[in-house]
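# for reference, the sequence and a predicted model appear below.
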Amino acid sequence: MVQKLVLPLYPRMDKEILYNFIDVEIPDFNPEFFSLWVNGIIVDHKVELGELSYVFCSDEYLLQMNKEHLNHDYYTDIITFNYNLEFSLSGDLFISYDRIIDNANTLGVSIFDELCRVMIHGVLHLIGYSDKTDKGQLEMRRLEDECLAKRKSST
């Protein structure tokens with residue numbers, strides 16, 4: 001008799017997370033690390049990964065998108081386009097790497113930490129969290145901190 005070995009130890013990654021770079025380079029960017037970490041957060045929230053794409057770009061590129069798509073004339077660190085279907089998390093997350101660097105310097109944190117915070121911020125929006133109110137902002141920051149703490153398990 002042949003026994004089947006089933007190892008449900010790791011979440012299935014049938015769908016991949018895509019990373020695109022438009023007019024920016026991120027030194028030492030490790031897509032495997034980010035995919036494991038982000039997918040783990042998605043699984044923790046009992047949501048299935050659909051199609052997720054990160055697009056890293058410059059301030060000017062994201063400013064133009066902000067003007068064209070949201071009618072906002074200001075710099076931002078992230079714009080999230082939600083394409084979720086039922087229980088499947090899908091979207092495009094456009095992130096200004098220039099804003100990441102500037103915010104990290106202003107906040108006195110590492111560029112890596114700020115990059116991770118903004119990346120997971122967009123995912124939390126796709127999961128359904130909002131930061132439109134003071135209470136929502138506090139909850140979002142608490143969740144970001146929890147997610148950041150889970151990075152060590154993704155290495």
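Yep, that arrived.
# report the buried residues of stretch 84-92.
For stretch 84-92, burial by neighbour count (16 or more other Cβ atoms under 10 Å) applies to 89, 90, 91, 92. Heads up, the C-betas are built off the backbone N, CA and C, glycines and all.
# can you check stretch 24-41 too?
Quick answer for stretch 24-41 (16+ other Cβ under 10 Å): 24, 26, 34, 35, 36, 37, 38, 39, 40, 41.
# measure the fourth one to residue 62 for me?
When distance is defined by Cβ to Cβ, to the nearest Å, residue 35 is 23 Å away from residue 62.
# now swap in the second one and tell me
Using Cβ to Cβ, one obtains 15 Å as the distance from residue 26 to residue 62.
# for residue 131, helix, strand, or coil?
coil (DSSP: H, G, I helix; E, B strand; the rest coil).
# report the contact partners of it.
125, 137, 139, 140 (Cβ atoms under 8 Å, 6 or more residues apart in numbering).
# ok, 7 Å please
For residue 131, the contacting residues are 137, 140, by Cβ atoms under 7 Å, 6 or more residues apart in numbering.
# residue 75 contacts residue 61, correct?
No: when contacts are counted by Cβ atoms under 7 Å, residue 75 is not listed as touching residue 61 (10.9 Å).
# more neighbours: which of those two?
residue 61 (18 against 14; other Cβ atoms under 10 Å).
# tell me what the helix or strand encompassing the more buried one is packed against?
According to DSSP states H and E, residue 61 maps onto helix 59-70. When contacts are defined as 3 or more Cβ pairs under 7 Å, 6 or more residues apart in numbering; DSSP states H and E, helix 59-70 sits against strand 78-82, strand 88-96.
# list the contacts of the longest one.
In this case it means strand 88-96. With contact meaning Cβ under 7 Å, 6+ apart, strand 88-96 is reached by 42, 47-59, 62, 65, 75-84, 118-119, 122, 126-127.
# which residues in the protein form helices?
Using DSSP state H, the helices of the chain run over 31-44, 59-70, 97-107, 111-127, 134-149.
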